[in-house]
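Engineer: I need the structure of the sequence given here:
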Amino acid sequence: MTDIASHRGGARIWPENSRLAFRNSAVLPVDFIEFDIHRSRDGVLVVHHDALLGRTAAGEGAVADRDWAELQAVELIGTDGETIPSFDEVLDILAPSGIRLRIEVKTRQSGERYPGIEAQVVARLQERHLLDHTTFTSFDLPTLAELLRLAPNAPTIWLIADKLLAPPARDLQTLCRKASAAGVQEIAIRISQTQDGDREACRCEAVTFGYYGAHDEPAIRKAFADGVSAFTTDRPDIAIAIRRELGMTR
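Structural biologist: Numbering: from 1, shown residues only. The predicted structure follows:
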């Protein structure tokens, strides 16, 4: 069965990473709700995709350079006055639904890791009894390795950046070996980057294969046809309808 992950709460239906998106996604028959974590200057975990303000939230500058007191007053663009939510606020919304969480642990704009963020995230999930409901993802393999050191049984997915699949050096099998060496047993690539033989290359290395970025009907249909482990989508409504049409309803 191919799992559906509502990306940033369903970012082409509702404002991404908003309370509204999470509330609405939590009642859909999806398998995961996906969201992103950064950290404020004073150490508060916040749910926001970009390292910088300005695209989905008012203002400018790095999230990491603002204290929580400032960030909790930053309005999310396209909402009715919503502000950037904290990690705890999002857990408050999602935990009662029992839905699985797919959490992308982000890095700073420079690509540097937030010191100790992995331990902070794991500890918070443990306190909330949600660690066993969580899959971790990251484009940064050392971040995943550290998460596995702290939570050895946690499912992890290495998100493969487009540049790592750029020709002529495209070698998915080698990337699978790197993932395995770090203890990561699943990778995901952008669906538009896939080529024939990718799933088999992963299978040869005993690495599970998934997609991200399946945001329209043709891409979603391809994800189901290819039988990947899971895919993220900004249109969970379309994904649900297609899964029902295909008779894959759980």
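Engineer: mind checking how far the residue of the chain most remote from its centre is from residue 17?
Structural biologist: Relative to the mean C-alpha coordinate of the chain, counting by C-alpha atoms, centre = their mean, the farthest residue is residue 168 (27.9 Å). In this view, residue 168 and residue 17 are 36 Å apart by C-beta to C-beta, to the nearest Å. Every C-beta, even on glycine, is put in place using the N, C-alpha and C of the backbone.
Engineer: Poorly predicted segments of the protein, please.
Structural biologist: 250 (pLDDT under 70).
Engineer: So which residues of it form helices?
Structural biologist: For the chain, applying DSSP state H gives helices covering 19-25, 68-71, 87-94, 117-127, 141-150, 172-181, 198-204, 217-226, 236-245.
Engineer: Turn these into TSV, including mean neighbour count.
Structural biologist: Shown next, in TSV, are those (neighbours: other C-beta atoms under 10 Å):
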stretch	mean neighbour count
helix 19-25	21
helix 68-71	17
helix 87-94	18
helix 117-127	18
helix 141-150	19
helix 172-181	18
helix 198-204	16
helix 217-226	17
helix 236-245	19
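Engineer: Any chance of a markdown table for these, columns distance to residue 36?
Structural biologist: Formatted as a markdown table, the helices of the chain follow (distance: least, C-beta to C-beta, whole Å):
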| stretch | distance to residue 36 |
| --- | --- |
| helix 19-25 | 12 |
| helix 68-71 | 14 |
| helix 87-94 | 10 |
| helix 117-127 | 11 |
| helix 141-150 | 12 |
| helix 172-181 | 20 |
| helix 198-204 | 24 |
| helix 217-226 | 21 |
| helix 236-245 | 17 |
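Engineer: Residue 190: which of these is closest?
Structural biologist: Closest to residue 190 of those, according to C-beta to C-beta: helix 217-226, at 9.8 Å.
Engineer: Please report the distance of the nearest residue to residue 8 once chain neighbours are set aside from residue 46.
Structural biologist: Nearest residue to residue 8 in three dimensions, chain neighbours excluded: residue 16, at 3.8 Å (C-beta to C-beta, 6 or more residues apart in numbering). In this structure, residue 16 and residue 46 are 14 Å apart, going by C-beta to C-beta.
Engineer: got it, and residue 177?
Structural biologist: Residue 177 is 34 Å from residue 46, where distance means C-beta to C-beta.
Engineer: I'd assumed residue 25 was in contact with the residue nearest to residue 8.
Structural biologist: No - between residue 16 and residue 25 there is no contact under C-beta atoms under 8 Å: 10.8 Å.
Engineer: Need the residues touching each of these two.
Structural biologist: Residues within reach of residue 16 and of residue 25 at once, by C-beta atoms under 8 Å, 6 or more residues apart in numbering, are residue 9.
Engineer: Each with direction, which strands does the lengthiest strand in the chain pair with?
Structural biologist: For the chain, the longest strand by residue count, based on DSSP state E, is strand 32-39. Note on strand 32-39: by DSSP bridges, its sheet partners are strand 3-7 (parallel), strand 45-47 (antiparallel), strand 100-105 (parallel).
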